[in-house]
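A.B. asks: sequence first, predicted model second:
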Amino acid sequence: MPTMPYFYEKIERELTGNILPFWLNHTVDRENGGFYGALTNDLKVCNEVERSAVLCARILWTFSAAHQRYPRPEYLEMARHAYDYLLGTFQDSQHGGFYWSVDKTGQPVNDRKQTYAQAFAIYGLSEYYAATDDPESLEIAKKTFHLLEGHASDPQHGGYIEACSRDWGRLDDMRLSPREPNCPKSMNTLLHVMEAYTRLYRLWPDPALRQSLRSLLQVIDKHVIDHERGAFHLFFEHDWRVVSDEISYGHDIEGSWLLLEAAEALGDEPLRTHLRLAAVKMAHTVYREGRDSDGAILFAAGPSGLTDSDKHWWPQAEALVGFFNAYKLSGDMRFLGAVRQLWQVIQEKFVDRQHGEWYKILNRDSEPRLNHLKTGPWECPYHHARACLELLKRLD
């Protein structure tokens, strides 16, 4: 591991000298408003790509969080731009909540109420409130929480369904993406509802929100975590029957530290003690099974081994935090070594030295898939910006 001051400086330089400036300088659509639908790796604008509420909310979170650590006017301006676009373009003034996607003119393309998107709206709005004390942002976050509780929560089995129609009715197909099985519940959505509720609860310690967050943690502990293996199950029926045998190494290492954040926000020490054991075991599983020989995180595996050996940018970012968190919890120096090795891989292979930002996918040989977008509906600044912010905070 590099000396801590040296490592600190490297992380800060990556965040403030590469990631944040890229998004400031290349992604804002001055003509149509908001942010470009997508950019290629060589920075060509792809405005035919739908604009997602998730991307906008993640940009809102990123620059709101960055402004709190570095109170620079350009970060606050970017956060306000994302805030205005989220509310002015994605918010449904008739039925409440946020559309899934719009076109470049701001017209809804997919007006469903995906629970995942509502969660990220809460997450971004909460962070914006923390950065600005703007009461409107907190009120809208609260309203979105109540909408999810009223329409997406499952009072019989617990947890949250994947999606509702625009007017919060039921859908036959609730999938987050076409690559997933059509089932009513997923680990991914539950994880990010937990993440959003955790952030909102730190700002608004409402009893109903506390109960919802605690119940969700209990559901994840009981039904989503495979405690024997140290991994998440991915997809479920209403009654928590598992409908997939794959695991996602990126989500496992991300969830390992987010679970502890939620328990700490609740101030529930017995729950935190229980979940820290699960978190360390999940980190051990990813360390043992999910790392390539160079230390990079592979994507997915099934009972017979790897099902996707690509190296996506976001699992690398989440593993920086997850392994560092596991080191702090366990004292196991192997996790600290994994952070060091992973940071080296990121700097040598993921950072785009020509055009800026990170390549989003490398193949097994650590070569960038140049035909994959640099920015897009999913290709966002939140994972790796957050990893830098979290590491800096923990190194403080």
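C.D. replies: That came in fine, so what should we check first? Numbers count the residues shown, from 1 in each chain.
A.B. asks: any idea how far residue 341 is from residue 294?
C.D. replies: 7 Å (C-beta to C-beta, to the nearest Å). Backbone N, C-alpha and C define where each C-beta goes, glycine included.
A.B. asks: one more: residue 192?
C.D. replies: When residue 192 is compared with residue 341 (using C-beta to C-beta), they lie 28 Å apart.
A.B. asks: contacting residues around residue 131?
C.D. replies: 64, 65, 67, 68, 76, 79 (C-beta atoms under 8 Å, 6 or more residues apart in numbering).
A.B. asks: which residue comes closest to it once chain neighbours are left out?
C.D. replies: Distances taken as C-beta to C-beta, 6 or more residues apart in numbering place residue 64 nearest to residue 131, at 4.1 Å, with adjacent residues excluded.
A.B. asks: for the strand or helix carrying that neighbour, packing partners?
C.D. replies: Using DSSP states H and E, residue 64 maps to helix 53-69. Packing partners of helix 53-69 (3 or more C-beta pairs under 8 Å, 6 or more residues apart in numbering; DSSP states H and E): helix 20-26, helix 73-85, helix 115-132, helix 382-395.
A.B. asks: which one of these lies nearest to residue 352?
C.D. replies: helix 20-26 (8.9 Å; C-beta to C-beta).
A.B. asks: from the chain's centre, how far out does the closest one sit?
C.D. replies: 19 Å (C-alpha atoms, centre = their mean, to the nearest Å).
A.B. asks: for stretch 245-253, same thing?
C.D. replies: Centre-to-centre, stretch 245-253 and its host chain are 14 Å apart (C-alpha atoms, centre = their mean).
A.B. asks: and for it, what's in contact with it?
C.D. replies: Identification of contacts with stretch 245-253 by C-beta under 8 Å, 6+ apart yields 187-188, 191, 226, 229-234, 282-283, 285-286, 289-290, 297-303, 307, 312, 314-315, 318-319, 322-323.
A.B. asks: could you pull up the mean pLDDT of that stretch?
C.D. replies: Mean pLDDT, stretch 245-253: 97.
A.B. asks: start to end distance for it?
C.D. replies: 18 Å (C-alpha to C-alpha, to the nearest Å).
A.B. asks: in it, what's buried?
C.D. replies: 247, 248, 249, 250, 251, 252, 253 (16 or more other C-beta atoms under 10 Å).
A.B. asks: can you list these in a markdown table and add secondary structure?
C.D. replies: Below are the buried residues of stretch 245-253 laid out as a markdown table (DSSP: H, G, I helix; E, B strand; the rest coil):
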| residue | secondary structure |
| --- | --- |
| 247 | strand |
| 248 | strand |
| 249 | helix |
| 250 | helix |
| 251 | helix |
| 252 | helix |
| 253 | helix |
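A.B. asks: ok, so of those, who is nearest residue 147?
C.D. replies: residue 251 (25.0 Å).
A.B. asks: where does the prediction get shaky in this structure?
C.D. replies: 1-3 (pLDDT under 70).
A.B. asks: can you map out the helices along it?
C.D. replies: 4-14, 20-26, 53-69, 73-85, 115-132, 135-151, 187-203, 207-219, 249-266, 269-289, 313-330, 333-345, 382-395 (DSSP state H).
A.B. asks: distance to residue 241 for these - can I get that in CSV?
C.D. replies: Listed next are those as CSV, based on distance: least, C-beta to C-beta, whole Å:
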stretch, distance to residue 241
helix 4-14, 42
helix 20-26, 41
helix 53-69, 28
helix 73-85, 39
helix 115-132, 19
helix 135-151, 23
helix 187-203, 14
helix 207-219, 14
helix 249-266, 20
helix 269-289, 21
helix 313-330, 27
helix 333-345, 34
helix 382-395, 30
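A.B. asks: which of those sits closest to residue 104?
C.D. replies: Between the helices of the chain, helix 73-85 lies closest to residue 104; by C-beta to C-beta that is 11.9 Å.
A.B. asks: which of the helices of the chain sits closest to residue 45?
C.D. replies: Of the helices of the chain, the one closest to residue 45 (C-beta to C-beta) turns out to be helix 20-26, at 9.1 Å.
A.B. asks: how about that closest one as CSV, C-alpha atoms only?
C.D. replies: What follows is helix 20-26 as a C-alpha-only set of coordinates in CSV (Å, rounded to 0.1, in the frame of the first residue of the first chain):
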residue,chain,number,x,y,z
LEU,A,20,-15.4,15.8,-12.0
PRO,A,21,-13.9,18.1,-14.7
PHE,A,22,-14.9,15.6,-17.4
TRP,A,23,-18.5,15.7,-16.5
LEU,A,24,-18.4,19.5,-16.1
ASN,A,25,-16.8,20.1,-19.4
HIS,A,26,-18.3,17.5,-21.7
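A.B. asks: buried residues, it. List them.
C.D. replies: Quick answer for helix 20-26 (16+ other C-beta under 10 Å): 20, 22, 23, 24, 26.
A.B. asks: farthest pair within those residues?
C.D. replies: For those, with distances taken as C-beta to C-beta, the pair at the greatest spread is 20 and 26 (11.4 Å).
A.B. asks: just give me the neighbour total for the residue nearest to residue 351 when sequence neighbours are not counted.
C.D. replies: Excluding the flanking residues, the one nearest residue 351 by C-beta to C-beta, 6+ apart is residue 358, at 5.7 Å. Residue 358 has 25 neighbouring residues, counting by other C-beta atoms under 10 Å.
A.B. asks: check contacts around residue 272.
C.D. replies: 260, 263, 264.
A.B. asks: and the last one, how far from residue 120?
C.D. replies: According to C-beta to C-beta, residue 264 stands 21 Å off from residue 120.
A.B. asks: neighbour count for the two, which is higher?
C.D. replies: Neighbours were tallied for residue 264 and for residue 120 using other C-beta under 10 Å; the higher tally belongs to residue 120 (28 against 16).
A.B. asks: you'd agree the more buried one is up against residue 200?
C.D. replies: No: Residue 120 lies out of contact with residue 200 (C-beta atoms under 8 Å); the separation is 12.0 Å.
A.B. asks: dihedrals phi and psi, residue 243?
C.D. replies: Main-chain torsions, residue 243, degrees, to the nearest 10: phi -120, psi 20.
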